[in-house]
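Colleague: test case, fold it:
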Amino acid sequence: MSEGATVLVVEEHERDVQYLQSTLLKLGFRFELARSGREALEKVQKSPPDIILLNAFLPGIDGFYVAGRLKGEERTMVIPIIMLRGKGDSFDRVKALEAGVDDVLMKPVRAEELKSRIRSLLRNKAYHDYLKKDQEVLKKELAGKSRQLRTAFEAFSRFVPREFLKCLNKENIVDVELGDNALRFMSILFSDIRSFTQLSEKMSPQENFKFLNAYLQRMNPFIWNNRGFVDKYIGDAIMALFPYGEESALSAAVEMLKYIPIYNTHRAGYNYDPIRIGIGIHTGPVMLGTIGHEIFMQGTVISDAVNIAANVERLTKVYRVSLIVTEQVITGIKEPERFRHRFLDKIKVKGKDVPVSIYEVYEGDYPSLAELKERTRKRFERAVHAFLQGSVRQALAIFNELWKSGRADPTLEYYIKRCAYYLRYGIGRRHEQTSR
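Modeller: Have a look, this model is predicted:
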């Protein structure tokens with residue numbers, strides 16, 4: 001998919017230009033160069049590349065302006081942009097996201113990481129193109145039908161996703177019958193707004209509906225753009241299905257988390273409280289189908305995998321993290337370096353005899369927190385493993401050492417309290433916070 005793709009590098013520093021040119025050519029990409037923001041805009045208008053590597057701090061027209069211009073025009077908005085920053089730069093990630101940047105990498109970029117990021121973004125672009133063609137085909141199919149039938153079909157598609165119909169091997173909503181079902185292997189994503197009850201108590205019913213719709217409208221595109229579809233809304237919660245693998249679900253989750261600071265900036269302008277969300281992902285077999293009565297039926301998903309994903313999402317509050325996934329998700333990732341993660345715990349899930357290993361993915365955290373977790377990952381995991389093996393004092397010593405050097409990580413505080421509880425009452429007693 002990505003072999004032979006054209007990469008436009010927008011960079012003024014000769015050393016970086018030579019390194020990127022050599023690296024991209026070795027990886028099998030076509031290389032083009034613009035040495036200024038103005039030159040980049042002119043080149044893209046004449047001949048759009050497949051992807052752009054853009055230096056954030058260009059003289060004159062900087063990278064943020066270039067990204068904003070390109071993402072603001074229909075012809076160029078689909079071109080993925082990876083922004084490049086130096087180690088010592090005072091970089092504003094929120095400003096980059098507001099400009100529409102798809103990813104950010106620190107120079108010097110490792111060849112394998114660069115290849116992974118480019119391939120991932122090109123896959124998303126290819127799926128965008130597929131969806132556009134799919135919509136054009138649908139329009140042609142409907143062109144010969146009556147206006148009334150066309151309106152009805154489009155209305156139904158707002159309630160039953162076309163992807164759901166495809167999973168049932170149905171072309172049209174009118175072909176669906178009670179009891180239709182299909183077994184599929186999918187990734188299930190649950191997301192939930194933290195402390196929604198307290199937020200909603202400050203709002204009238206009308207304001208609650210307005211807030212939920214504003215929030216959901218912002219979150220849905222991250223799911224659709226990563227080849228997923230929403231199965232249902234449960235108040236402020238979203239349950240989404242990803243038929244095309246774990247990386248699609250993880251990409252959607254990371255993009256959702258990275259957008260939250262931007263959304264909170266918008267909310268602050270209206271004196272609204274900031275929000276936080278928790279996300280849980282699990283991969284497994286699911287049974288999709290229709291239940292109910294011939295007169296009134298609905299699509300649903302039935303599976304242990306759904307229950308595990310929902311339980312994992314609830315644990316984000318316990319461990320004070322934003323994104324937790326199961327071992328099945330981690331082992332299913334073809335390019336694990338894309339999603340920085342650490343082993344978090346082994347948990348007992350209701351109805352399951354074998355404990356489930358869970359991991360925190362912190363790729364969507366604030367950059368400073370993500371970098372802290374990456375630096376301390378090996379020691380943190382060593383402490384967790386020691387705890388699980390019953391060496392609570394050893395684990396507590398490591399957690400305390402990490403806490404002294406980086407108190408920004410709230411999971412450390414949770415584990416320190418948990419260790420202290422077990423040392424006081426015995427490891428056989430369950431800690432009140434870890435009840436699940």
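Colleague: the residue nearest the centre of the chain: what's it in contact with?
Modeller: Central residue of the chain (Cα atoms, centre = their mean): Ala253, 2.1 Å from the mean position. Residues touching Ala253, when contacts are defined by Cβ atoms under 8 Å, 6 or more residues apart in numbering, comprise 189, 191, 279, 281, 323, 361, 364. Where you see a C-beta, it was placed from the backbone N, CA and C, and this is true even at glycine.
Colleague: now the third one. Its backbone dihedrals?
Modeller: Dihedral angles of Ile279 (phi, psi; degrees, to the nearest 10) stand at phi -130, psi 140.
Colleague: test my guess that it contacts Ser187.
Modeller: No - because the distance of 11.7 Å does not satisfy Cβ atoms under 8 Å, Ile279 is recorded as not touching Ser187.
Colleague: which segments of the chain make up each domain?
Modeller: Structural domains assigned to the chain are 6-125, 177-365, 377-436, following automatic domain parsing.
Colleague: which members of the contacts of Ala253 occur in strands, if any?
Modeller: By the criterion of DSSP state E, membership of the contacts of Ala253 in strands covers 189, 191, 279, 281, 323, 361.
Colleague: ok, these vs Tyr421, which is closest?
Modeller: Each of the ones in strands among the contacts of Ala253 was scored against Tyr421 by Cβ to Cβ, and Leu323 proved nearest at 25.5 Å.
Colleague: burial count for the closest one?
Modeller: Leu323 has 28 neighbouring residues, counting by other Cβ atoms under 10 Å.
Colleague: ok, the one 4 residues further on next?
Modeller: Counted with other Cβ under 10 Å, residues neighbouring Glu327 total 15.
Colleague: again with Ile330
Modeller: Applying the criterion other Cβ under 10 Å, we find 20 residues in the vicinity of Ile330.
Colleague: looks to me like Ala252 is in a helix.
Modeller: Yes - assigned with DSSP: H, G, I helix; E, B strand; the rest coil, Ala252 falls within a helix.
Colleague: now it: closest residue in space, sequence neighbours ignored.
Modeller: Nearest non-adjacent residue to Ala252, counting by Cβ to Cβ, 6 or more residues apart in numbering: Asn226, 4.0 Å away.
Colleague: any idea how far the one you found lies from Arg184?
Modeller: Between Asn226 and Arg184 the distance is 17 Å, computed by Cβ to Cβ, to the nearest Å.
Colleague: and Tyr272, by the same measure?
Modeller: In this structure, Tyr272 and Arg184 are 39 Å apart, going by Cβ to Cβ.
Colleague: who has more neighbours, the two?
Modeller: Per other Cβ under 10 Å, whichever of Tyr272 and Arg184 has more neighbours is Tyr272, with 17 against 14.
Colleague: mind pulling up the phi and psi values for the more buried one?
Modeller: Comment: the main-chain dihedrals of Tyr272 come out as phi -90, psi 150, following degrees, to the nearest 10.
Colleague: show me what contacts the residue lying closest to Tyr366 once chain neighbours are set aside?
Modeller: Nearest residue to Tyr366 in three dimensions, chain neighbours excluded: Pro261, at 7.5 Å (Cβ to Cβ, 6+ apart). For Pro261, the residues meeting the contact criterion (Cβ under 8 Å, 6+ apart) are 93-94, 97, 366.
Colleague: neighbour-wise, which one of the residues you listed leads?
Modeller: Of all these, Leu97 has the most neighbours under the rule other Cβ under 10 Å, reaching 19 neighbours.
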